[in-house]
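Asker: Sharing a sequence plus its predicted fold:
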Amino acid sequence: MRPKTKNIFPEFFSLETESTTEAEKANKNVQHYRNTYKTIDEYLKKYPEIEQLAHEDLQQLCKTDSTRNRTPDFTTQNLFRAVIVHQMEQLSLRDTEVAIAESQTLQKFCRLDKKETISFQLIDQAHLALKPETWQSLNQFFAARMVAEEKINPDYVRSDGTVVETNIHWPTDSSLCYDCYRTVNRIVENARKTGLSPVLKGFRFHVGKVKNLNFRINQNAAAKSKDRKKRYKEDYNTIISRTEEVVQKAEEIVQRLNANGSELALVFASELAGYLPFMKTIVSVARRRYNGEKIPNEEKVFSLFEPHTELIKKGKKDKPIEFGHLIFITQTREKFITDCILYEKSPPETTMLPEVVDRHEDQFGRKPVGIAMDKGCYPGKEKVEELKEDWEDDVECIGIPSRSNDFADEEMGRYQRFRAGIEGSISFLKRCFGLTRVLFKGFKGFCRGVGAAIFCHNILVMARRDLAEE
């Protein structure tokens, strides 16, 4: 069983091992860095429920039937704090391991013995063990505590949506077909290496040729000469035809592996069968588009490896098309993010107002007094009047302009100046907490990455506010 904590630093961040002169020599940036982690530590000590919630997930990393009959080297406290460091520092897993090992501040924050560190594999396992629901519970619990201490005021909130990208390359029909081809080849080669070659006789794949086809298609996509246009069309048809053939072979390979019945064969069959529906969709869409048919985005798959990815148009001048998911965040005046709504299938932003208010009421037991959102979230005059009647006097102001002239209104202008502050927080989340692109796999992994970023953002915001007040 994994222990929850181990009290090896009763006086946290004490400078007993350092001389007073060395402590005084540290410049303001270093002192601020140390004080930030010290303040975050004080929050984690003040609210042990946070680490308890994490403990329920992280203790699952231990095998219940371990034959070695020994306790794990690291506690939940060590692992959870290492995950926070990984998220806060925005380093790779290997660099996080080195940073914790070489930084006295981070070692003390993670409650590690001297010269002891956590391997990057274990940090990764700990991050994956923390469920998206756990991060949501952590954020809700922390928000409730901050409201109880009157450090944040949830009566006035601002909401806005942004797109967080998934970890995919720019999708084209040829590149997606190449993904299908090389994935089937990779699974077959891995199966052969484990001794399943007799089962997979007769299957040959020319990955290099398909790779060259994809390269030539990309080269000639914007060609203007007739010869290059003709070659582009021929290569396009060839790569689709070869992918259609390999998808048919993949179905036969799955049947053979299932018929073999061995544990290894079933593992490879399951992996390939999981990709097959998306491969069929990709090659079908590519063929239909080649024949001149227009395909709705809802019928397309934009990544074989992240098939949940959506194509979203937010009207940005520098980035008109984005591939990922819409997240909708709600924030107080203190820049504390009280709620984050994630969608696998994004709804229109004009439908978000009632949901944001209802979720706020469920979380805090009352509706916000005032709420500010941008023009794109205006649900229509009739809907606004209907909502005002339903909410009676609970919501005093809905700061959502319906037209440019509304900005001339004094109260609306004040709410829109307040709303503009959330743009800075969105930028901060993307620059400093990795929400430009989430690298976790699958939609649950996507939710996990967003939840971790929101929690670390909130605890850092409160730590900085406390330091500013000192």
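Answerer: Thanks, I have it.

Asker: in which helix or strand would I find residue 303?
Answerer: Using DSSP states H and E, residue 303 sits in no helix or strand.

Asker: From residue 346, how far off is it?
Answerer: Per Cβ to Cβ, to the nearest Å, residue 303 is found 16 Å from residue 346. From N, CA and C alone the C-beta is placed, and that goes for glycine too.

Asker: residue contacts, the nearest residue to residue 112 once chain neighbours are set aside?
Answerer: Counting by Cβ to Cβ, 6 or more residues apart in numbering, residue 78 is the residue found nearest to residue 112 once chain neighbours are left out, at 6.2 Å. With contact set as Cβ atoms under 8 Å, 6 or more residues apart in numbering, residue 78 has these partners: 6, 110-112, 118.

Asker: Just the buried residues of those residues.
Answerer: Buried by 16 or more other Cβ atoms under 10 Å: 110-112, 118, out of those.

Asker: Out of these, flag the one nearest to residue 136.
Answerer: Of all the buried ones among the contacts of residue 78, residue 110 has the smallest distance to residue 136: 23.9 Å, by Cβ to Cβ.

Asker: Does that closest one touch residue 100 like I think?
Answerer: Yes: using Cβ atoms under 8 Å, residue 110 is in contact with residue 100, at 5.8 Å.

Asker: list residues touching both of these two?
Answerer: Common neighbours of residue 110 and residue 100, using Cβ under 8 Å, 6+ apart, are 82, 85, 118.

Asker: Quick one: residues contacting the closest residue to residue 43 other than its chain neighbours.
Answerer: Computed as Cβ to Cβ, 6+ apart, the closest residue to residue 43 that is not its neighbour in sequence is residue 459, at 6.0 Å. Shown in contact with residue 459 (Cβ under 8 Å, 6+ apart): 40, 43, 84, 142.

Asker: Check which element follows the host helix or strand of the first one along the chain.
Answerer: Taking DSSP H and E as the definition, one finds residue 40 inside helix 28-46. Beyond helix 28-46 in the direction of the C-terminus, DSSP H and E gives the next helix or strand as helix 48-58.

Asker: So what touches that next one?
Answerer: Helix 48-58 is contacted from outside by 2, 4-5, 43-44, 76-77, 79-80, 126, 129-131, 134, 137-138, 141-142, using Cβ under 8 Å, 6+ apart.

Asker: angle of it against helix 28-46?
Answerer: In terms of direction (axes from the mean of the first three to the mean of the last three Cα atoms, to 10 degrees), helix 48-58 departs from helix 28-46 by 80 degrees.

Asker: related to what we said a few turns ago, may I ask which two of the buried ones among the contacts of residue 78 are separated the most?
Answerer: By the measure Cβ to Cβ, 111 and 118 form the most distant pair in the buried ones among the contacts of residue 78, at 10.8 Å.

Asker: Show me the domain layout of this protein.
Answerer: The record's domain split for the chain, according to automatic domain parsing, is 20-130, 134-168+308-446+461-469, 173-299.

Asker: Turn the contacts of residue 459 into a markdown table, columns for distance to residue 274 and pLDDT.
Answerer: As requested, those are exported to a markdown table (distance: Cβ to Cβ, whole Å; pLDDT from 0 to 100):
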| residue | distance to residue 274 | pLDDT |
| --- | --- | --- |
| 40 | 40 | 95 |
| 43 | 41 | 95 |
| 84 | 33 | 96 |
| 142 | 36 | 96 |
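
Asker: Test my guess that residue 62 contacts residue 73.
Answerer: No: taking contacts as Cβ under 8 Å, residue 62 lies outside contact range of residue 73: 11.0 Å.

Asker: can you pull out the strands in the stretch 151-300 of the chain?
Answerer: 156-166 (DSSP state E, counting those that start in this stretch).
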